[in-house]
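A.B. asks: can you look at this prediction? I've put the sequence above it.
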Amino acid sequence: LSEEFATLEDPKGTLEHAISGVYTTLTKGDSIVISHNGQELELFVVELQPADAVCVIETELEVDFAPAVINEEEQRRRAE
């Protein structure tokens with residue numbers, strides 16, 4: 001998740017709106033792409049409730065953010 005997106009006034013609302021406008025279902029492990037301010041952001045579905053696959057049509061959608069997963073190489077580059 002980009003720092004710019006995470007510092008939006010309402011990142012959860014923005015993500016909820018983006019998901020409900022594009023996707024009909026989500027499955028644990030999915031990689032989804034949303035567009036925001038001309039950027040494409042790739043997000044990973046790490047947990048869903050009440051099941052590992054859900055329909056998001058005409059439903060109240062609530063999202064939470066997990067810490068970003070950054071591979072070791074990226075962590076080293078950032079440390080330099």
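C.D. replies: Everything's here; your move. Numbering: from 1, shown residues only.

A.B. asks: now do the strands in the protein.
C.D. replies: Shown for the chain, the strands assigned by DSSP state E span residues 25-27, 31-36, 39-44, 53-55.

A.B. asks: what about the chain, any weak spots by pLDDT?
C.D. replies: Where the chain drops to pLDDT under 70, the residues are 1-6, 67-76, 78.

A.B. asks: pull the longest helix from it.
C.D. replies: Counting by DSSP state H, the longest helix found in the chain is helix 11-22.

A.B. asks: and that helix, what's buried?
C.D. replies: Going by neighbour count (16 or more other Cβ atoms under 10 Å), the buried part of helix 11-22 is 11, 14, 15, 16, 18, 19. All C-beta spots, glycine's among them, are computed from the backbone N, C-alpha and C.

A.B. asks: from residue 10, how far out is residue 45?
C.D. replies: Look at residue 45 and residue 10: by Cβ to Cβ, to the nearest Å, they are 20 Å apart.

A.B. asks: no wait, residue 27
C.D. replies: 26 Å.

A.B. asks: which one is the spatially most central residue of the chain nearest to, not counting chain neighbours?
C.D. replies: What sits nearest the mean C-alpha location of the chain, by Cα atoms, centre = their mean, is residue 43, with 3.8 Å. Nearest in space to residue 43, with sequence neighbours left out and distances taken as Cβ to Cβ, 6 or more residues apart in numbering, is residue 32 at 5.4 Å.

A.B. asks: likewise for residue 57?
C.D. replies: Nearest to residue 57 is residue 24, by Cβ to Cβ, 6+ apart, at 5.4 Å.

A.B. asks: and if you look at residue 54?
C.D. replies: Distances taken as Cβ to Cβ, 6+ apart place residue 48 nearest to residue 54, at 5.2 Å, with adjacent residues excluded.

A.B. asks: which residues are in contact with residue 32?
C.D. replies: Contacts for residue 32 were tallied using Cβ atoms under 8 Å, 6 or more residues apart in numbering; they are 19, 22, 23, 26, 42, 43, 44, 45.
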